[in-house]
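Asker: Need coordinates for the below:
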Amino acid sequence: EPTDLHYLDHFKLGGDPLDQLIRLFLLRGRLGEDRCRSLFGSERFAQMLELGLVQSRDGDCSATVDVYPVGALLIATDHRYHVRSDDQLDEEPVMYLGRDSIGLAMAAPRAATGHHLDLCTGSGVQALVAASYAEQVIGVDINPRALRFARFNAAWNDVRNATFVPGDLYEPVRGRRFGSVTANPPFVPSPSSSLAFRDGGADGEAVLRRIVEGAPAHLEPEGRLSIVTDLAAVEEYAEKLSGWWGQTGYVAQILTTADRDELLFSVPHAHAPFGQRYEDYCRELEAWINSYRRAKLSAVNFGYLVVQDIAPQTNKLTYTKVVDSPLTPVWQRVQALLDFQRMQASRQLGKVTLRAADGLTVRTDRPLDERSEARHVVVAGDEDPWFTQYTVDAVMLSLLQRAAKADIAWHTLVEEGLDGYAVALVEKGLLVSSGTVQGRASALSPQGKVHIDETASKTTPTCLSNYLR
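Answerer: Predicted coordinates for the structure are as follows:
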């Protein structure tokens, strides 16, 4: 939070080189010019001054950009918090890297592909991550300043297979197809359009809808689309995706965090910590609340959409799962789940074997009087963003315990009438594919969809871009 910056700078950081870099490029701190010259070396410091990455005034240096580590990459952006008198820009700002940006980089599948497209590229972070698994990458943005940042970040990280072009979504690549597409669009349901990288229309879906609608025409067979976004009425998104995508088939994952009501959603966007009069805050809050109500939003979640084309099939299969906004990679799990979904959609599950996911633990809650049936809750490691906690019944608990001891063939589950339970556990990541055996195509037993209660994540990243005023 912006109110933490001074505390972290003055009371938590030490004086070693890494502390000084964090102070300068993340906490808006200042360093003496002699200290900067010693930290970077005279030649590099002079180059940084010439490029405008740092500025010197009255013997003190400050950074003109924020710098974020993303794996092996370093990504420069505009400041997240414009709190100093000389922070004002005369251009549309380039968005900082929050949990939304990092989460998409950690969740988007990374299967090797020839060509990748990154829409709303901003600083270029998704494009530069994709450059590690795609032969050629194109990043598109409508903001000229964003393209300059993206090109700088590519050069800085010595990424040579990414190019960045101006344009509105798919317009610059009309007629071309890609093995994968990523997008971090403006997605906040907003009462205004004052920030191009934030404001996604009254329901947050103005740009999102266009990206999904255009995807089938720009994806290669088996191509995948990964998006980070706010989710207005998350329970409706399976139907929304189906309508936007059109007639061809897909498998999809809706990875959610937690719902925010009108107050939890609106206050962070209305409140600025410095220099805001109470009357101004009240007016801003009213604007956000009224916009929320006019759009008839019941709740705003936050999460990720991952969709993989399976044309010429017309089946549409969607899984919904709660995750924490990942700061560590979960893309391999996303890909493994997509692979299972593709087999399910093509009726090839007869070849699958399943095992329990690693790291699961079980807690049993019993009423004090012990006259009611115990509720079994499956939980995972505290540091694993892929899992939340799940309430399962005795049948599912028994199935998980069996799968923890030995792999279970799909045909065995069908014979025992447990295939519906197994699919529900796979959807939440609690059962995973352990391999394939000789088998034949098979459909699910006609027992209906099995539901598993899961606890929403407490991680609800909010685009605190009101601080950029």
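
Asker: Quick check: which ranges of this structure have low pLDDT?
Answerer: 370-375, 380-382, 437-448, 459-469 (pLDDT under 70).

Asker: Kindly list the longest helix within it.
Answerer: helix 278-294 (DSSP state H).

Asker: Tell me the first helix or strand C-terminal of that helix.
Answerer: strand 300-309 (DSSP states H and E).

Asker: angle of the longest helix of the chain against strand 300-309?
Answerer: Calculated by axes from the mean of the first three to the mean of the last three C-alpha atoms, to 10 degrees, helix 278-294 forms an angle of 50 degrees with strand 300-309.

Asker: what about residue 195, helix or strand, and which?
Answerer: Following DSSP H and E, there is no helix or strand that holds residue 195.

Asker: count of residues packed around it?
Answerer: 18 (other C-beta atoms under 10 Å). Glycine gets a C-beta too; all of them are placed from N, C-alpha and C.

Asker: what's the longest helix of the chain packed up against?
Answerer: helix 262-270 (3 or more C-beta pairs under 8 Å, 6 or more residues apart in numbering; DSSP states H and E).

Asker: Compute the inter-axis angle for the helix it packs on and helix 278-294.
Answerer: 130 degrees.

Asker: Can you give me the buried ones in helix 262-270?
Answerer: 262, 265, 266, 267, 268, 269, 270 (16 or more other C-beta atoms under 10 Å).

Asker: so the closest residue to residue 147 other than its chain neighbours, which of the three states?
Answerer: Closest residue to residue 147 apart from its sequence neighbours, by C-beta to C-beta, 6 or more residues apart in numbering: residue 164 at 4.9 Å. Secondary structure state of residue 164, per DSSP: H, G, I helix; E, B strand; the rest coil, is strand.

Asker: With residue 433 instead?
Answerer: Counting by three-state DSSP, the backbone at residue 433 sits in strand.

Asker: circling back to that earlier point, from the buried residues of helix 262-270, which is closest to residue 189?
Answerer: residue 265 (7.8 Å; C-beta to C-beta).

Asker: count of neighbours near the nearest residue to that closest one once chain neighbours are set aside?
Answerer: Nearest in space to residue 265, with sequence neighbours left out and distances taken as C-beta to C-beta, 6+ apart, is residue 300 at 4.9 Å. Look at residue 300: counted by other C-beta under 10 Å, it has 27 neighbours.

Asker: Got the phi and psi for residue 53?
Answerer: phi -70, psi -30 (degrees, to the nearest 10).

Asker: Which positions in stretch 246-255 come out as buried?
Answerer: For stretch 246-255, using 16+ other C-beta under 10 Å, the buried residues are 248, 249, 250, 251, 252, 253, 254, 255.

Asker: now stretch 304-324
Answerer: 304-310, 316-324.

Asker: Then stretch 24-40?
Answerer: In stretch 24-40, counting by 16+ other C-beta under 10 Å, buried: 24, 25, 26, 27, 28, 29, 30, 31, 33, 36, 37, 40.

Asker: how far away is the closest residue to the third one other than its chain neighbours from residue 41?
Answerer: I take that to be residue 26. Nearest residue to residue 26, sequence neighbours excluded (C-beta to C-beta, 6+ apart): residue 66, at 6.1 Å. As judged by C-beta to C-beta, to the nearest Å, residue 66 and residue 41 stand 22 Å apart.

Asker: who has more neighbours, the two?
Answerer: Each of residue 66 and residue 41 has its neighbours counted (other C-beta under 10 Å); residue 66 has more, 21 against 11.

Asker: Phi first, then psi, for the more buried one.
Answerer: Dihedral angles (degrees, to the nearest 10) for residue 66: phi -100, psi 150.

Asker: For it, list the residues it contacts.
Answerer: Counting by C-beta atoms under 8 Å, 6 or more residues apart in numbering, residue 66 touches 25, 26, 76, 77, 78, 79, 80, 96, 97.

Asker: possible to save those as JSON lines with secondary structure and distance to residue 433?
Answerer: Listed next are those as JSON lines, based on DSSP: H, G, I helix; E, B strand; the rest coil; distance: C-beta to C-beta, whole Å:
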{"residue": "25", "secondary structure": "helix", "distance to residue 433": "42"}
{"residue": "26", "secondary structure": "coil", "distance to residue 433": "40"}
{"residue": "76", "secondary structure": "strand", "distance to residue 433": "40"}
{"residue": "77", "secondary structure": "strand", "distance to residue 433": "38"}
{"residue": "78", "secondary structure": "coil", "distance to residue 433": "43"}
{"residue": "79", "secondary structure": "coil", "distance to residue 433": "44"}
{"residue": "80", "secondary structure": "coil", "distance to residue 433": "40"}
{"residue": "96", "secondary structure": "coil", "distance to residue 433": "37"}
{"residue": "97", "secondary structure": "coil", "distance to residue 433": "33"}
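
Asker: Looking at those residues, spot the one nearest residue 278.
Answerer: Of the contacts of residue 66, the one sitting nearest to residue 278 (C-beta to C-beta) turns out to be residue 80, at 24.3 Å.

Asker: thought that closest one was touching residue 96?
Answerer: Yes: the pair residue 80 / residue 96 is scored as a contact, 3.7 Å apart, by C-beta atoms under 8 Å.

Asker: okay, those two: which has more neighbours?
Answerer: Legend: neighbour count by other C-beta under 10 Å for residue 80 and residue 96, higher for residue 96 (24 against 21).

Asker: and the more buried one, what does it touch?
Answerer: 66, 68, 77, 78, 79, 80 are the contacts of residue 96 under C-beta under 8 Å, 6+ apart.

Asker: Same check on residue 3?
Answerer: Counted by C-beta under 8 Å, 6+ apart, residue 3 has contacts residue 273.

Asker: ok, and the closest non-adjacent residue to residue 458?
Answerer: residue 258 is the one closest to residue 458 (C-beta to C-beta, 6+ apart), at 6.4 Å.

Asker: Is that neighbour located within a helix, as I assumed?
Answerer: No: read with three-state DSSP, residue 258 is coil and lies in no helix.

Asker: what's the neighbour count on it?
Answerer: 21.

Asker: Settle this for me: it is touching residue 454, isn't it.
Answerer: No: here residue 258 lies out of contact with residue 454, judged by C-beta under 8 Å, at a distance of 11.1 Å.

Asker: Please enumerate the shared neighbours of those two.
Answerer: With C-beta under 8 Å, 6+ apart as the test, residue 258 and residue 454 both reach residue 322.

Asker: circling back: distance to residue 397 added to the contacts of residue 66, as TSV?
Answerer: Shown next, in TSV, are these (distance: C-beta to C-beta, whole Å):
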residue	distance to residue 397
25	49
26	45
76	49
77	46
78	50
79	50
80	44
96	43
97	40
